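Engineer: The following block contains a protein sequence and its predicted model.
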Amino acid sequence: MRRLERQSFLGPNSDQVLANTKVGLVGLGGGGSHLVQQFAHLGIGGFVLVDPDVIDLGNTNRLVGGTLADVAAHRAKVQIAERLIRGLQTDGDVKSIQARWESALDELKGCDVIVGAVDSYGARDELERFARRYLIPYVDIGMDVLKCREGDFLISGQVILSSPGEPCLRCCNFITEERLEREAEKYGAAGGRPQVVWSNGILASIAVGIVVELLTPWRRRTEGFIYLEYDGNRKTVTVSNCVAEVVGRTCLHYPDDERGDPAFDVRHLREKSNVSPKLDLSGQVVGSPRRKLWWRRLVDRILACRNRPQHDRL
Amino acid sequence: MRTQFRITSALLSQIRKDLRRPHLFASERVGFISAGLAWSGSSVLILARNYHPVADEDYLDSTAVGAMMGPEAIRKAMELGLLKRDAVFHVHSHGGRGVPAFSSIDRREHAKFVPDFLKVAPQNIHGALVLSDCAGAGVIWTAGARAPERISNFVEVGAPLRKWGMQ
Amino acid sequence: MTCEEELAGLCLLWPRAALRYEGGKPLIFLPEFQVKSGGQVSTMDLLLCPHQHSGYVTRLFFRQQLGRGANWSVHAVCGEQWWAPSWKDVQPNQSWPSMLANHLKAVE
């Protein structure tokens, strides 16, 4: 039996399509950990995992795959995510970057889809701008817990698909200048907000379904713009009211002629590739301490063998 | 150099629709795609921006080839590279299904004018595409290269997202 | 004044200034600018945003974080990584050279 046989309704080539897809996951906390787990099970073949943090005790109420041993070991969230993937795909193409996503732009450019599980409007705004510039569909998920009057709380969230050419997060007023200003006044501090595993799971699962439908649709009609609102109190996920207002309209926030690197120059590649590696006297490549030339490695092996105690030698 | 050509489904549909339009005397239509470029590692992403059909009056009546562009068509395309700093790709369609291939006439004709775009915009790569009804193929020219290189793979960005070519 | 006129004014100060665009709005790239900060001069690229960005009415982005300046944050702008200190209320209704000078006060 093939590992992915039960999802063969996704199409005769679905295994290959999923295996040939590279997904960028920005944020590997509560939402992102669900995403990586599900994508790994599905057979997505390429991952760019980006998160600067290590797991702490407070994450263990929701970080899928994270253990108390990981907390004790100060394990990076990207390492936990990669471990999840490798448990199902030993030879998957996984690039784990323990850094802020703004430091991983080169790697993210090569993705087919980017899914953001970030915790600020500013990050979402810039991630979407980035994705639009490089013609990459972007899926955003997020949840919130709001205190209502009389001591009640409202659990809410959203899943939004923003595809190049289709309405964007600004078109549907999810990102507004007012929201960005309010956030900037707090210097973008978003830590410590309430987060729970089941809501993250619901939102991540919907996002995964949206990505799979983009790649291997199981029905004829697929949407280019999706905005779903989650109400955790009513236990519902509904299409946002704004969809009817914006769908079919051209997004004016991202002009087509902005696509690409602003100062691209192909001659820079030739300059890069003309630089020869420099060698020091030991035969090691300067600036690349792990790279030794073949003859250096052979000499090291011979010397190591000679210096081994008598009884260890074959 | 690995290259990936990305284009939205909407733009691709627009191009195919335009290329199917009949012309008074040319047996096929051609146009130009303007694109932005980006590094991704040592690969280059070609990001289609707009489509610029060759105007009806800019064709020359010729029996030697399916569509003969006049100098005005080339001049307008060169302006995209010079003034807007776009990467420029000639495009036409062979119709049919599957991944198409350039004919020997295509290759001969492209070599006559595509390298000239490098004179006005040497910082870019430029090239040519041929489309079928469901896929495409292409080549790029870079300054100093002796011969064009194949575009490694394509991504059609839409719902659904489609990829073809070398992975 | 138009963008081109504003840019011409800025080019008197820094000839290599160039326009870039994001979200349909212009930004001004100032390559290898000499930034005076804490009594020292650092050479680095700057990116001036003369309109609202990330909750600020205008913004100046730096290629690297400096010792001076408060609450630095990292951003992705025009496909590249940039840094910016928190420095409010540099209004958009002034010339670009004046705007640049007012933003640079954040790191003096």
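Structural biologist: Looks like it came in fine.
Engineer: ok, which residues in chain B are in contact with chain C?
Structural biologist: Chain B has residues residue B:38 near chain C, with proximity defined as Cβ under 8 Å from any Cβ of the partner chain. (C-beta placed from N, C-alpha, C; glycine too.)
Engineer: which one is the most far-flung residue of chain B relative to its centre nearest to, not counting chain neighbours?
Structural biologist: Distance from the C-alpha centroid of chain B peaks at residue B:41, with 23.6 Å (Cα atoms, centre = their mean). Spatial nearest neighbour of residue B:41, chain neighbours left out: residue A:106 (6.2 Å); criterion: Cβ to Cβ, 6 or more residues apart in numbering or on different chains.
Engineer: Compute the number of surrounding residues for that neighbour.
Structural biologist: If you count neighbours by other Cβ atoms under 10 Å in any protein chain shown, residue A:106 ends up with 16.
Engineer: For the residue of chain B found nearest chain A, which residues are in contact?
Structural biologist: Using Cβ to the nearest Cβ, residue B:36 is the residue of chain B that sits closest to chain A, at 2.1 Å. Residues in contact with residue B:36, defined by Cβ atoms under 8 Å, 6 or more residues apart in numbering or on different chains, are A:257, A:258, A:259, A:260, A:261, A:264, B:47, B:49, B:86, B:87.
Engineer: From the residues you listed, which land in strands?
Structural biologist: Residues from the contacts of residue B:36 lying in strands, with DSSP state E as the criterion: B:47, B:49, B:87.
Engineer: what sits against residue A:230?
Structural biologist: A:143, A:155, A:156, A:157, A:158, A:159, A:199, A:202, A:203, A:236, A:237.
Engineer: which element follows the helix or strand containing the last one toward the C-terminus?
Structural biologist: Same thing as residue A:237. Using DSSP states H and E, residue A:237 sits within strand A:236-239. Scanning forward in sequence from strand A:236-239 by DSSP H and E, the next helix or strand is helix A:242-246.
Engineer: Buried residues in that next one, which are they?
Structural biologist: For helix A:242-246, burial by neighbour count (16 or more other Cβ atoms under 10 Å in any protein chain shown) applies to A:242, A:243, A:246.
Engineer: Do a quick rundown of the strands in the stretch 101-250 of chain A.
Structural biologist: A:113-116, A:138-147, A:153-162, A:225-231, A:236-239 (DSSP state E, counting those that start in this stretch).
Engineer: Make a markdown table from these and add mean pLDDT and distance to residue B:27 to it.
Structural biologist: Formatted as a markdown table, the strands of the stretch 101-250 of chain A follow (pLDDT from 0 to 100; distance: least, Cβ to Cβ, whole Å):
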| stretch | mean pLDDT | distance to residue B:27 |
| --- | --- | --- |
| strand A:113-116 | 98 | 40 |
| strand A:138-147 | 95 | 42 |
| strand A:153-162 | 96 | 41 |
| strand A:225-231 | 97 | 39 |
| strand A:236-239 | 97 | 47 |
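Engineer: can I see the domain layout of chain A?
Structural biologist: A:5-258, A:276-312 (automatic domain parsing).
Engineer: need the least confident one among those domains, by mean pLDDT.
Structural biologist: The stretch with the lowest mean pLDDT among these is domain A:276-312, at a mean of 50.
Engineer: and stretch B:159-167, is it in reach of chain A?
Structural biologist: Yes - contact of stretch B:159-167 with chain A (Cβ under 8 Å from any Cβ) involves B:159, B:160, B:161, B:163, B:167.
Engineer: wait, which of those is closest to residue B:113?
Structural biologist: residue B:163 (29.6 Å; Cβ to Cβ).
Engineer: so where does that closest one fall, helix or strand?
Structural biologist: Assigned by DSSP H and E, residue B:163 falls in strand B:162-165.
Engineer: quick one: contacts of that strand?
Structural biologist: Contacts for strand B:162-165 (Cβ under 8 Å, 6+ apart): A:17, A:20-21, A:112, B:99, B:135, B:137, B:151-156.
Engineer: how deep is residue A:194 tucked in, by neighbour count?
Structural biologist: For residue A:194, using other Cβ under 10 Å, the count is 12.
Engineer: who are the neighbours in contact with residue 56?
Structural biologist: Chain wasn't specified; assuming chain A. Residue A:56 touches residue A:71, counting by Cβ under 8 Å, 6+ apart.
Engineer: That was the other one, I meant chain C.
Structural biologist: So residue C:56 contacts A:181, A:184, C:87, C:88, C:90 (Cβ under 8 Å, 6+ apart).
Engineer: Quick check: the last one touching residue C:101?
Structural biologist: No - with contacts counted by Cβ atoms under 8 Å, residue C:90 stays clear of residue C:101, the gap being 9.4 Å.
Engineer: Of these two, which one has the most company?
Structural biologist: Between residue C:90 and residue C:101, counting by other Cβ under 10 Å, residue C:90 is the more crowded of the two (22 against 13).
Engineer: Is the more buried one in a helix, a strand, or coil?
Structural biologist: coil (DSSP: H, G, I helix; E, B strand; the rest coil).
Engineer: Could you report the distance from it to chain A?
Structural biologist: Residue C:90 sits 13 Å away from chain A, taking Cβ to the nearest Cβ, to the nearest Å as the criterion.
Engineer: The chain: helices as residue ranges?
Structural biologist: As the question left the chain open, I've gone with chain A. A:14-19, A:30-42, A:68-72, A:77-86, A:105-109, A:121-133, A:177-185, A:197-215, A:242-246, A:267-273, A:294-307 (DSSP state H).
Engineer: wrong chain, I was asking about chain B
Structural biologist: Using DSSP H, helices in chain B cover B:9-20, B:71-83, B:104-120.
Engineer: What does the pLDDT read for the closest residue to residue A:182 other than its chain neighbours?
Structural biologist: With sequence-adjacent residues excluded and distances taken as Cβ to Cβ, 6+ apart, residue A:182 is closest to residue C:55, at 7.3 Å. pLDDT, residue C:55: 92.
Engineer: of the contacts of residue A:230, buried ones?
Structural biologist: Buried among the contacts of residue A:230 by 16+ other Cβ under 10 Å: A:143, A:155, A:156, A:157, A:158, A:159, A:199, A:202, A:203, A:237.
Engineer: Just give me the closest of those residues to residue B:93.
Structural biologist: residue A:159 (37.2 Å).
Engineer: So the nearest residue to residue B:53 once chain neighbours are set aside versus chain C, what's the distance?
Structural biologist: Nearest in space to residue B:53, with sequence neighbours left out and distances taken as Cβ to Cβ, 6+ apart, is residue B:31 at 4.3 Å. Remark: distance between residue B:31 and chain C (Cβ to the nearest Cβ) = 25 Å.
Engineer: Look up the closest residue to residue C:71, ignoring the ones flanking it.
Structural biologist: Residue nearest to residue C:71 in three dimensions, not counting chain neighbours: residue C:86, with 3.9 Å by Cβ to Cβ, 6+ apart.
Engineer: before we move on, the earlier item: list the buried residues in the strand holding residue B:163.
Structural biologist: Buried-residue list, strand B:162-165, by 16+ other Cβ under 10 Å: B:162, B:163, B:165.
Engineer: what's the spacing between it and its chain's center?
Structural biologist: 17 Å (Cα atoms, centre = their mean, to the nearest Å).
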